[in-house]
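Peer 1: Just a sequence and a predicted model for now, questions to come.
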Amino acid sequence: MPRRGFSATPLSLFRIFRLLVLVLVPAPALVALIAAAPVYAEKRVALVIGNGAYQHAPALANPRNDAENVAAALKRLGFDVSLGVDLDKSSTDRLLEGFERKLDGAEVALFFYAGHGLQVNGRNFLVPVDAKLEREAQLNFQAVALDLVQTLMEQTPRTNIIILDACRDNPLARSLARGMGTRSTAIGNGLAQAQGGRGTLIVYATQPGNVALDGQGRNSPFTAALLEHIETPGLEVRQVLTRVRASVTKATGDKQLPWEATSLIGDFYFAPKTAPETKPGETKPPAPAGVTPPTSPGQSVDQETVFWQSIRDSKNAADFKDYLARWPQGTFADLAKRRIAEIEKAGDVSPPPAPKSAPEKPQVTEPAAPSKQQRTSTFEVGIFVYGEEALSWSVSVSAARLCQQQCIQNARCGAWRYHSDVGGCALFARFKSGRRAGPARRPPA
């Protein structure tokens with residue numbers, strides 16, 4: 001049965017989008033936006049998850065920051081990013097289902113995970129925050145098998161990149177080992193080395209069977225190094241990983257060595273190579289295949305990320321609703337919706353602060369304008385009219401009546417003096433109480 005309602009062809013959707021951009025985006029901002037951002041020929045999608053707030057294990061400090069920072073970097077690199085932070089099993093399943101839909105037509109797919117992971121019988125599992133894992137059978141219901149993620153990504157030939165910062169020391173693995181008894185030897189340290197299908201690159205924060213460090217700073221050593229190099233223009237992905245490996249080994253004193261297993265059959269560049277400036281008469285070299293380099297070396301400020309960083313720890317649902325109003329399909333949209341639901345469910349909705357009334361301006365009583373009868377004048381140069389202070393001095397006043405006119409127009413003027421020898425006009429006002437008249441002085445120009 002044909003579907004009723006509006007049916008939009010790709011061409012009509014493009015026209016609608018173009019019209020909205022022209023209407024909603026100011027022309028200077030539109031020009032800057034087009035000039036600042038590189039245009040990628042291929043469709044890029046990414047799923048980024050960071051789990052740290054574990055309910056049955058000590059919390060991890062870095063995964064949330066790792067995920068949010070990687071998501072922001074990937075967005076700048078042209079990826080359509082789905083982000084999840086501190087996900088339970090059901091939320092993870094929903095996010096994976098949405099990611100599977102986005103994979104349709106994608107030529108590049110990336111999965112990044114930071115948090116607890118473990119290997120059992122050579123299979124790798126990623127651990128949601130609500131997992132308890134006291135028995136082996138619970139792995140199928142409380143954890144997420146990495147090979148499931150691989151299967152989703154490898155259904156269609158494309159460039160697939162899986163990045164796992166999940167080799168941390170895992171107390172849940174020890175809990176599971178106690179429950180497995182004599183079969184606990186099936187649980188290995190860290191993650192097992194998985195083999196990707198054709199066109200897949202799998203990256204580990206450390207070598208298989210080893211444990212990675214969580215780090216003392218904002219990010220783990222591995223993610224910090226990844227963020228340092230991933231946006232470097234002109235680096236093929238394996239060159240990026242070589243630099244990441246060097247940075248991590250240096251930062252950890254050779255205690256951690258990132259590892260990868262690759263079946264890539266082509267080159268992939270996160271960021272295009274910046275075109276060198278050409279001299280008059282020279283021909284500009286072509287851009288890398290599939291990528292149009294930015295016409296401006298500058299990079300626009302990611303206002304969405306800045307806004308999110310400012311509200312992410314808020315207990316006020318209104319902050320997250322404001323984010324969704326601005327970026328309904330933004331990188332952090334799913335996370336914002338979950339935060340709203342959590343806050344409202346907990347009844348911890350803080351009312352918006354009462355608008356601060358503008359501070360009352362002090363009542364300044366302007367001196368009453370002297371009457372025209374008080375606006376006296378004297379033509380004797382150098383004689384000061386008692387009880388008045390200088391207000392202004394002007395030159396090139398051609399007649400005494402013009403000087404008088406200036407005094408009348410000035411509400412504070414109580415007397416004026418015309419200096420016919422230089423065409424100068426001096427205006428005076430009464431002294432405040434307690435002040436005495438002094439010798440006559442010419443006011444500054």
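Peer 2: Sure, I can see it.

Peer 1: Just give the number of residues close to Ile265.
Peer 2: Neighbour count for Ile265, taken as other Cβ atoms under 10 Å: 10. Quick note: C-beta positions are derived from backbone N, CA and C, even for glycine.

Peer 1: That one contacts Thr200, correct?
Peer 2: No. The criterion here is Cβ atoms under 8 Å, and Ile265 misses it with Thr200 at 9.9 Å.

Peer 1: those helices in the stretch 1-150 of the chain, which residues are they?
Peer 2: Assignment of helices within the stretch 1-150 of the chain using DSSP state H, counting those that start in this stretch yields the ranges 10-24, 27-36, 63-76, 89-102, 139-142, 146-153.

Peer 1: and the closest residue to Leu103 other than its chain neighbours, how far is that from Thr232?
Peer 2: Leaving aside its sequence neighbours, Leu103 sits nearest to Ala109 (Cβ to Cβ, 6 or more residues apart in numbering; 5.7 Å). Distance, Ala109 to Thr232, by Cβ to Cβ, to the nearest Å: 21 Å.

Peer 1: Among those two, which residue is more densely surrounded?
Peer 2: Ranked by neighbour count (other Cβ under 10 Å), Ala109 and Thr232 place Ala109 first, with 25 against 15.

Peer 1: And the more buried one, how far from Leu235?
Peer 2: 20 Å.

Peer 1: same deal with Leu87?
Peer 2: In terms of Cβ to Cβ, Leu87 sits 31 Å off from Leu235.

Peer 1: So between the two, which is more surrounded?
Peer 2: More neighbours surround Leu87 than the other of Leu87 and Leu235, with 25 against 18 (other Cβ under 10 Å).

Peer 1: That one against Leu95, yeah?
Peer 2: Yes. Counting by Cβ under 8 Å, Leu87 touches Leu95, with 6.6 Å between them.

Peer 1: Would you mind identifying the next helix or strand past the worst-scoring helix or strand of the chain on mean pLDDT?
Peer 2: Each helix and strand of the chain was given a mean pLDDT (mean pLDDT, DSSP states H and E); the minimum falls on strand 291-292 at a mean of 42. Where DSSP states H and E defines the elements, the next helix or strand beyond strand 291-292 is helix 303-311.

Peer 1: Which residues does that following helix contact?
Peer 2: Helix 303-311 is contacted from outside by Glu68, Ala72, Lys75, Asp319, Phe320, Asp322, Tyr323, Arg326, Trp327, Gly330, Thr331, Phe332, using Cβ atoms under 8 Å, 6 or more residues apart in numbering.

Peer 1: let's go with 10 Å and repeat that
Peer 2: 65, 68-69, 71-73, 75-76, 83, 302, 318-320, 322-323, 326-327, 330-333, 335-336, 339 (Cβ atoms under 10 Å, 6 or more residues apart in numbering).

Peer 1: Now do the buried residues in it.
Peer 2: Glu304, Thr305, Phe307, Trp308, Ile311 (16 or more other Cβ atoms under 10 Å).

Peer 1: go on, stretch 399-407?
Peer 2: Using 16+ other Cβ under 10 Å as the test for burial, stretch 399-407 gives Ala400, Cys403, Gln404, Gln406, Cys407.

Peer 1: Closest to Ile49 out of these?
Peer 2: Gln406 (74.7 Å; Cβ to Cβ).

Peer 1: Excluding chain neighbours, give the residue nearest to the closest one in space.
Peer 2: Cys425 (5.9 Å).

Peer 1: Can you name the residues bridging to that neighbour?
Peer 2: Ser394, Tyr418 (DSSP bridges).

Peer 1: Please apply the same query to Leu118.
Peer 2: Phe125.

Peer 1: if I look at Pro128, how far off is Asp421?
Peer 2: From Pro128 to Asp421 the distance is 93 Å (Cβ to Cβ).

Peer 1: who are the neighbours in contact with the residue lying closest to Gln207 once chain neighbours are set aside?
Peer 2: Closest residue to Gln207 apart from its sequence neighbours, by Cβ to Cβ, 6+ apart: Trp259 at 4.4 Å. Counting by Cβ under 10 Å, 6+ apart, Trp259 makes contact with 164, 167, 191, 193, 202-210, 241, 245.

Peer 1: Could you rerun that using 7 Å?
Peer 2: Residues counted as contacts of Trp259 (Cβ atoms under 7 Å, 6 or more residues apart in numbering) are Tyr204, Thr206, Gln207, Pro208.

Peer 1: which one of the residues you listed has the most neighbours?
Peer 2: Scoring the contacts of Trp259 on neighbours with other Cβ under 10 Å, the highest-scoring entry is Tyr204 at 28 neighbours.

Peer 1: and that residue, bridged to which residues?
Peer 2: Leu164, Trp259.

Peer 1: ok, it - contacts?
Peer 2: Leu164, Cys167, Leu191, Pro258, Trp259, Glu260 are the contacts of Tyr204 under Cβ under 7 Å, 6+ apart.

Peer 1: The third one: neighbouring residues, count only.
Peer 2: Under the neighbour criterion other Cβ under 10 Å, Leu191 is assigned a count of 29.

Peer 1: And it, what's its pLDDT?
Peer 2: Here the pLDDT value assigned to Leu191 is 78.

Peer 1: which one is it nearest to, not counting chain neighbours?
Peer 2: Here the residue nearest Leu191, using Cβ to Cβ, 6+ apart, is Asn124, at 4.8 Å.

Peer 1: C-alpha coordinates for the helix or strand hosting Arg339, CSV please?
Peer 2: Using DSSP H and E, Arg339 sits in helix 333-346. As requested, the backbone C-alpha atoms of helix 333-346 are provided in CSV (Å, rounded to 0.1, in the frame of the first residue of the first chain):
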residue,chain,number,x,y,z
ALA,A,333,21.4,14.9,21.7
ASP,A,334,20.9,11.3,22.9
LEU,A,335,22.9,12.0,26.1
ALA,A,336,20.9,15.2,26.8
LYS,A,337,17.6,13.3,26.5
ARG,A,338,18.8,10.7,29.0
ARG,A,339,20.0,13.4,31.4
ILE,A,340,16.6,15.1,31.2
ALA,A,341,14.9,11.7,31.9
GLU,A,342,17.2,11.0,34.9
ILE,A,343,16.8,14.4,36.4
GLU,A,344,13.0,14.4,36.1
LYS,A,345,12.7,10.8,37.4
ALA,A,346,14.8,11.6,40.4
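
Peer 1: which secondary structure elements does that helix contact?
Peer 2: strand 79-85, helix 317-326 (3 or more Cβ pairs under 7 Å, 6 or more residues apart in numbering; DSSP states H and E).

Peer 1: hang on, the earlier thing: report the lowest-confidence entry in the contacts of Tyr204.
Peer 2: Among these, Cys167 has the lowest pLDDT, at 63.

Peer 1: that older thread, counting neighbours, what do you get for the residue nearest to Leu191?
Peer 2: There are 27 residues near Asn124, going by other Cβ under 10 Å.

Peer 1: Lovely, talk soon.
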